[in-house]
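*Asks:* here is my input; please provide its structure:
(one chain, ligands or ions: 2)
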Amino acid sequence: MIELTDIAYVRSGAADLEGAVRFATDVVGLQHVDGGEPGVAHLRADGRHHCLAFVEGVSGVIASAFTVADPGALALAETELETRGFRVWRGSADDARSRRVGEVIGFDDPFGNRIELVCGQQTLASPVVPGRGSGITEFGHLCLDAPDVADAHRFWSTTFNARASDWIGDAACLMRIDEVHHKLAVFRGDEPGLCHVNFQVAELDDVFRNWHHLQERGVEIEMGPGRHPQSGAVFLYFLGPEGLTYEYSYGVRRITDEAAWRPRYFDPAEPGSIDMWLGPTQKPLTQPQAPHPQLVPEGIRP
Ligand SMILES: CC(C)c1ccc(C(=O)O)c(O)c1O
Ligand SMILES: [Fe+2]
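*Replies:* Numbers count the residues shown, from 1 in each chain. Ligands and ions are numbered 1, 2, ... in the order given. Okay, here's the model as predicted:
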C-alpha cells in the first residue's frame with residue numbers, strides 16, 4: 001500500500017500558453033510564478049510552488065500528481081507499482097526541476113489517466129500574490145474520469161491509502177487521503193481525462209462575487225452556484241481555456257473522526273443529490289479535459 005500525503009499539481013498542455021496563463025491569473029485568481037523556463041508556466045494557489053503547470057503544446061491533461069513522504073517512500077512506491085504490473089517511468093533531474101520536486105515517477109492508472117508521484121515538492125516562503133482577489137486559499141482537489149467508478153475506487157483504495165468518503169451511485173466516488181472530505185474524486189466517463197480542478201475560497205461571499213465576475217467576463221458557468229450534499233461545500237464550476245474546468249468551493253467538510261465515518265451512497269437520479277439547491281447539473285460532468293494525445297496510446301494495464 002502506497003501512502004499518498006497530498007495532491008501536488010496538475011500538468012496540462014496549452015496550445016495558447018499566454019491565454020491559459022492570463023485566464024488562470026486574471027480570471028481564476030492564481031499567481032503566475034515566473035520560473036524562467038521557456039514554454040512552461042507555473043500557477044500557484046497556496047504554499048506549494050505551483051499546483052497547476054501549463055506546458056506549451058497540444059491541449060490536454062499531461063498528468064495529475066500526488067506527494068509521498070520522502071525519497072524512500074517514492075522508491076518503495078516505484079517497486080510496489082512495478083510488482084503490481086505497472087510500467088513506471090522515473091523522471092530525470094530536468095523533469096524533477098521543471099516540476100519543482102525532488103524526484104518524480106509516473107505511470108498510467110488502469111483507466112488511462114497519467115499519474116505522477118513526487119517527493120520534495122517545493123514550498124514557497126513568500127505569501128501568495130493572487131492574480132485577482134478571488135479569495136482562493138488552497139488547491140482543494142482534482143477529479144479524474146474513469147469508465148467504472150467502483151473499479152477506480154478499488155484501484156485507489158488498494159494500491160493507495162485513498163478511502164471513499166461518499167459515493168454518488170455509480171456516477172462518482174469522492175475519496176480522502178487526509179482529513180479533507182476528498183482530495184481525489186473519480187467521475188464516470190467513457191474516456192480517461194480530468195473532470196476538474198478545485199480551488200477552495202475563503203468565504204461564501206467569494207463564491208458569489210466570483211460568479212458575478214465570471215459572468216461579467218463572459219466565462220461559461222458550467223454548474224452552480226450550488227451546494228454539494230457530500231462535502232457540504234458551496235460550489236461554482238466554470239470552463240477555462242484548453243478545455244479545463246475549474247471549480248471554486250467553500251466550506252468543505254473535514255472528517256476528523258476517521259473511525260466513525262461511514263461512506264454514504266447518494267442516488268444520482270434523486271434531485272438534489274449533486275446540488276442541494278436543485279440547480280441544473282449536467283454540464284461540467286460531461287466534457288472532461290481529454291488527456292494529452294501523446295499519453296493515450298500506450299494504455300499500460302496491470
Ligand atoms: C459531481 C462531482 C464529482 C462532485 C460531487 C461532490 C463534490 C463535493 O462534495 O464537494 C465535488 O467537489 C464534486 O466535484
Ligand atoms: Fe469537485
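*Asks:* gap between Ser12 and ligand 2?
*Replies:* 17 Å (CB to the ion, to the nearest Å). (C-beta placed from N, C-alpha, C; glycine too.)
*Asks:* and that residue, how many neighbours?
*Replies:* For Ser12, the count of nearby residues is 26 (other CB atoms under 10 Å).
*Asks:* my guess is it is in a strand, correct?
*Replies:* Yes. Membership of Ser12 in a strand is supported by DSSP: H, G, I helix; E, B strand; the rest coil.
*Asks:* what sits closest to it if chain neighbours are left out?
*Replies:* Of all residues not flanking Ser12 in the chain, Val61 sits nearest, at 5.2 Å (CB to CB, 6 or more residues apart in numbering).
*Asks:* for the helix or strand harbouring the one you found, name the packing helices and strands.
*Replies:* Using DSSP states H and E, Val61 maps to strand 60-67. Counting contacts by 3 or more CB pairs under 8 Å, 6 or more residues apart in numbering; DSSP states H and E, strand 60-67 packs against strand 6-14, strand 114-119, strand 193-201.
*Asks:* can I get these in TSV with distance to ligand 1 and mean pLDDT?
*Replies:* Below are these laid out as TSV (distance: least, CB to the nearest ligand atom, whole Å; pLDDT from 0 to 100):
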stretch	distance to ligand 1	mean pLDDT
strand 6-14	13	98
strand 114-119	18	98
strand 193-201	6	98
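*Asks:* circling back: isn't the residue nearest to Ser12 right next to Pro293, touching?
*Replies:* No. In this structure Val61 lies outside contact range of Pro293 using CB atoms under 8 Å: 11.0 Å.
*Asks:* which one's more surrounded, the two?
*Replies:* Taking neighbours as other CB under 10 Å, Val61 and Pro293 compare with Val61 leading, 28 against 11.
*Asks:* thinking Ile177 is in contact with Met1, fair?
*Replies:* No. With contact defined as CB under 8 Å, Ile177 does not count as touching Met1 (11.9 Å).
*Asks:* mind listing residues that contact the strand holding Val61?
*Replies:* 4-13, 55, 99, 104, 106, 113-119, 121, 142, 144, 160, 177, 184, 193-194, 242-244, 289-293, 295 (CB atoms under 8 Å, 6 or more residues apart in numbering).
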